[in-house]
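[1] next come a sequence and a model predicted from it.
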Amino acid sequence: MNVISKMDTGSSAQLGIPRARVGLIIPSVNTFSEPQFNHFAPAGLGIHVARARVAGSWKRPLPEMADEIATSAKLLSDCHPDLIVFHCTDTSMTQGPQGEGKILDIVREATGIEAMATSRLVLEALQLLGMRKVVLLTPYKSNKPVIDYLNASGITVLRDVALALEPKDFGKVTPAQWAELAAKNDGPDADGIFLSCTNTTQIEAIADIERTLGKPVVNSNQAVLWGCVKRLRTRLAPLAPMPELGRLMGHLN
């Protein structure tokens, strides 16, 4: 008897087999993306991760990171993801829109799989929600690369806060503290709040900030999960509501 046929006594969902898969290339210092994506991802979406030294003290010009990005992408391709995301906001934005495109080319050429970057998905989210003037909150030492990328894309940063933390300390800022910073820096001139970083507790503050300020919030991990689910929605349907991830998740069509 065929062994696979003998074992195939239940549905894919019962066996825990994903209906779609996403591969994330995350910075080697990142400790938050994996648990957050696995917690918030809808049923049926498999999350797979490869690390690369592309952020913090390892951040350097793109040509010097290209081989490492390609290697991480190739490793992810072995688990046959539907999409691969270069998942580091600061690094992908630092390269600018043109450099961002080069990162995507590296991944595609290494794997033949559709590639995206956190920077582009964040921009899509901001544009969708009509966030042309934003308050920017990050744990970074400097927000200049992010501001430059946003300005080049038609987004104005009205006020920005960079907490100047070391990567190992990014997670020490609590969701309540991110919400407090948002309220402190908000104003009637802002369309919404952009919480930039993939390695923080920010995603847990989204619903609270939106409820308090009555404005949309975009966070790096939230935007990437939204962008991936949107592209794979037919494979993942039916999708349950995700109110804890804010207004953005109401736009999946």
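    Arrived safely, thanks for sending. Numbers count the residues shown, from 1 in each chain.

[2] now the helices for this structure?
    3-7, 12-15, 33-40, 62-77, 89-94, 96-111, 118-128, 144-152, 175-185, 206-213, 220-236 (DSSP state H).

[3] any idea which of the ones you listed is most buried?
    Across those, averaging neighbours per residue (mean count of other CB atoms under 10 Å) puts helix 89-94 on top, at a mean of 27. Quick note: C-beta positions are derived from backbone N, CA and C, even for glycine.

[4] which residues are contacting that helix?
    27, 54-55, 59, 86, 100, 103, 117-120, 122, 138, 140, 145-146, 148-150, 196-198, 220 (CB atoms under 8 Å, 6 or more residues apart in numbering).

[5] ok, now stretch 154-164?
    With contacts defined as CB under 8 Å, 6+ apart, stretch 154-164 is touched by 123, 126, 131-143, 146-147, 150-151, 173, 181, 185, 187, 189-190.

[6] also stretch 200-210?
    Stretch 200-210 has contacts (CB under 8 Å, 6+ apart) with 32, 36, 40, 137, 139, 170-171, 173-176, 178-179, 182-183, 193, 195, 215-217, 219-222, 243-247.

[7] need the CA coordinates for that stretch. CSV is fine.
    This file holds the C-alpha atoms of stretch 200-210, laid out as CSV (Å, rounded to 0.1, in the frame of the first residue of the first chain):
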residue,chain,number,x,y,z
THR,A,200,9.9,45.6,19.1
THR,A,201,6.6,45.2,21.1
GLN,A,202,5.1,47.9,18.9
ILE,A,203,2.5,45.6,17.2
GLU,A,204,0.9,45.1,20.6
ALA,A,205,0.2,48.8,20.9
ILE,A,206,-1.6,49.3,17.7
ALA,A,207,-5.2,48.8,18.8
ASP,A,208,-4.7,50.9,22.0
ILE,A,209,-3.2,53.8,20.0
GLU,A,210,-6.0,53.7,17.4
